[in-house]
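Asker: Below are the sequence and a predicted model; questions follow.
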Amino acid sequence: MTETPRSSGPFRAGDRVQLTGPKGRMNTITLEPGKLFHSHRGVLEHDAIIGLPDGSVVTNNAGVEHLALRPLLTDFVMSMPRGAAIVYPKDAAQILALADVFPGATVVEAGVGSGALSLWLLRAIGPEGRLHSFERREEFAEVARANAATFLGGDPENWTVRVGDLQDTLPEAVEPGSVDRVVLDMLAPWETLDAVTAALKPGGVVLCYVATVTQLSRVAEAIRASGDYTHPQSSETMVRGWHVEGLAVRPDHRMIAHTGFLITARRLAPGTVLPELKRRPSKSDYSAEDVEAWTPGALGERQSSPKSLRKRMREATASAELAKGRDADEDAPGVG
């Protein structure tokens, strides 16, 4: 693999640099000796940046200042070319945490999309780990490979991208029981559970990233029905920024809300029978006893007796008649 761009130290030729202008507009360039960065506000020489420390301010020929920083992975994935929708950084961070992706892990990912999640996974597993990625569309796989090579400075030796259906290609790619983590970003992850189950180590984690509640429900029930996993846990992540300037402290008007659901479960040892989880049954499972248990009386709700209700009705009627009589007296002509 070619040399990976440094994450710190002085800028050098080949580094990617994020230039931020006075109005907050960002442009990312790759430094090359003798090259120029042109904008409608002037020209900036690459040579003026090479050799400066990260976080420097440089001035172009028109006197306009730009802040020069190495782009973070978050910056890169939000601006890189996309063949398919990306996994947002807020979800990528949760995926790494919920799936407990660790250095040296063997991870399976499907599908690749534009490679955003692949980059996060590669960083988490480190050079000693192994990432097997699967994508059904060749054009998406090509975009993902190119994006990874752009950010990393070359093709990672511990990353393999295969084109095809996961359930067909996974058994050929990995040994049974050799995978630590499986991350599924696909329309129908329940269709791949048999292949995933065979590949995962006991105690390994499967995580599914799905967009709709219908997908969430179906994959959860498929995981339960398989009998090979712990009870699935599901969540979604919403991030709201805040405007903080002096005493003007308020939430931003816009937020990154729903992008997808995350559902995780752990692989049981072969032959293990999971203890039954006592949980509230779904509405379709209610029996006569269940319905009775949810009546107001069973829940301790105080109810009025028929006698008490008749008394209150009489009181209400009498009160209404008094009100009508009072109104009639007020409307009657005076006696002089």
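Answerer: In hand now; what should we look at?

Asker: C-alpha from now on. contacts and neighbour counts both.
Answerer: Fine.

Asker: Domains in the chain, by residue range?
Answerer: Here the domain parsing of the chain from automatic domain parsing is 16-71, 76-266.

Asker: Can you pull the phi and psi angles for residue 107?
Answerer: Phi and psi for residue 107, reported as degrees, to the nearest 10, are phi -120, psi 140.

Asker: same thing with residue 244?
Answerer: phi -130, psi 110.

Asker: Kindly report the same for the one 10 residues further on.
Answerer: When read as degrees, to the nearest 10, the backbone of residue 254 gives phi -120, psi 150.

Asker: Can you say which of the domains of the chain is packed in most?
Answerer: Among those, domain 76-266 has the highest mean neighbour count (mean count of other C-alpha atoms under 10 Å), at a mean of 18.

Asker: pLDDT averaged over that domain - what is it?
Answerer: Average pLDDT, domain 76-266: 95.

Asker: Now do it: distance to the chain's middle.
Answerer: 9 Å (C-alpha atoms, centre = their mean, to the nearest Å).

Asker: for it, how far is the first residue from the last?
Answerer: 32 Å (C-alpha to C-alpha, to the nearest Å).

Asker: thinking again about what came up before, looking at the domains of the chain, which is nearest to residue 277?
Answerer: Nearest of those to residue 277, taken as C-alpha to C-alpha: domain 76-266 at 8.1 Å.

Asker: where exactly do the strands run in the stretch 1-150 of the chain?
Answerer: Per DSSP state E, counting those that start in this stretch, the stretch 1-150 of the chain carries strands over the ranges 16-20, 26-30, 36-39, 42-45, 56-59, 65-69, 106-110, 130-135.

Asker: okay, these in a markdown table with distance to residue 116 next?
Answerer: Listed next are these as a markdown table, based on distance: least, C-alpha to C-alpha, whole Å:
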| stretch | distance to residue 116 |
| --- | --- |
| strand 16-20 | 17 |
| strand 26-30 | 17 |
| strand 36-39 | 27 |
| strand 42-45 | 30 |
| strand 56-59 | 28 |
| strand 65-69 | 20 |
| strand 106-110 | 12 |
| strand 130-135 | 12 |
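
Asker: neighbouring contacts of stretch 265-276?
Answerer: Under the criterion C-alpha atoms under 8 Å, 6 or more residues apart in numbering, residues 197, 200-207, 223, 227-233 lie in contact with stretch 265-276.

Asker: Try it again at 10 Å.
Answerer: Residues outside stretch 265-276 that contact it (C-alpha atoms under 10 Å, 6 or more residues apart in numbering): 98-99, 180-181, 196-198, 200-208, 220, 223-224, 227-234.
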